[in-house]
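Engineer: Show me the folded form of this:
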Amino acid sequence: MPIYPYKCETCQIDYDIMKPVSRFNSPEVCPVCSLELDRLVSLPAKPVFKGSGFYETDYKPKKESEPSDK
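Structural biologist: Model (predicted):
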């Protein structure tokens, strides 16, 4: 489930709310003042692939080391 950032204009409190995509347009209410929260615009996060089995860590061609002078 994605996490959406919200902010209450009255309380000036930021919230990160996790909800399904099917409820994307449903309004959220501030738990402190009970007014509707404003959804903030954020950049999508880039996935991070760690561990073995990913192209970036295992299958990407290794850089050739420079030949040494003898």
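
Engineer: Only C-alpha atoms from now on, for both contacts and neighbour counts.
Structural biologist: OK.

Engineer: would you list every one of the strands in the protein?
Structural biologist: Under the criterion DSSP state E, the chain carries strands at the ranges 3-7, 14-18, 38-39.

Engineer: Show residues contacting the last one.
Structural biologist: If I follow you right, that is strand 38-39. Around strand 38-39, the neighbours that count as contacts under CA atoms under 8 Å, 6 or more residues apart in numbering are Y4, P5, Y6, K7, C8, E9.

Engineer: In PyMOL, how would I select the buried members of the residues you listed?
Structural biologist: Restricted to buried positions by 16 or more other CA atoms under 10 Å, the PyMOL selection for the contacts of strand 38-39 reads:
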select buried, resi 4+6+7+8
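
Engineer: mind checking how far C8 is from P47?
Structural biologist: As defined by CA to CA, to the nearest Å, C8 lies at a distance of 29 Å from P47.

Engineer: mind checking how far the residue nearest to V32 when sequence neighbours are not counted is from D38?
Structural biologist: On the basis of CA to CA, 6 or more residues apart in numbering, the spatially nearest residue to V32 that is not a chain neighbour turns out to be C11, at 7.7 Å. Remark: distance between C11 and D38 (CA to CA) = 12 Å.

Engineer: What's opposite the residue lying closest to V41 once chain neighbours are set aside in the beta bridge?
Structural biologist: On the basis of CA to CA, 6+ apart, the spatially nearest residue to V41 that is not a chain neighbour turns out to be P5, at 7.5 Å. For P5, the residues forming beta bridges with it (DSSP bridges) are D16.

Engineer: what about the residue lying closest to Y6 once chain neighbours are set aside, how many residues close to it?
Structural biologist: Excluding the flanking residues, the one nearest Y6 by CA to CA, 6+ apart is R39, at 4.4 Å. Residues near R39, counting by other CA atoms under 10 Å, number 18.

Engineer: just for the chain, where's the confidence low?
Structural biologist: Of all residues in the chain, those with pLDDT under 70 make up the ranges 45, 48-70.
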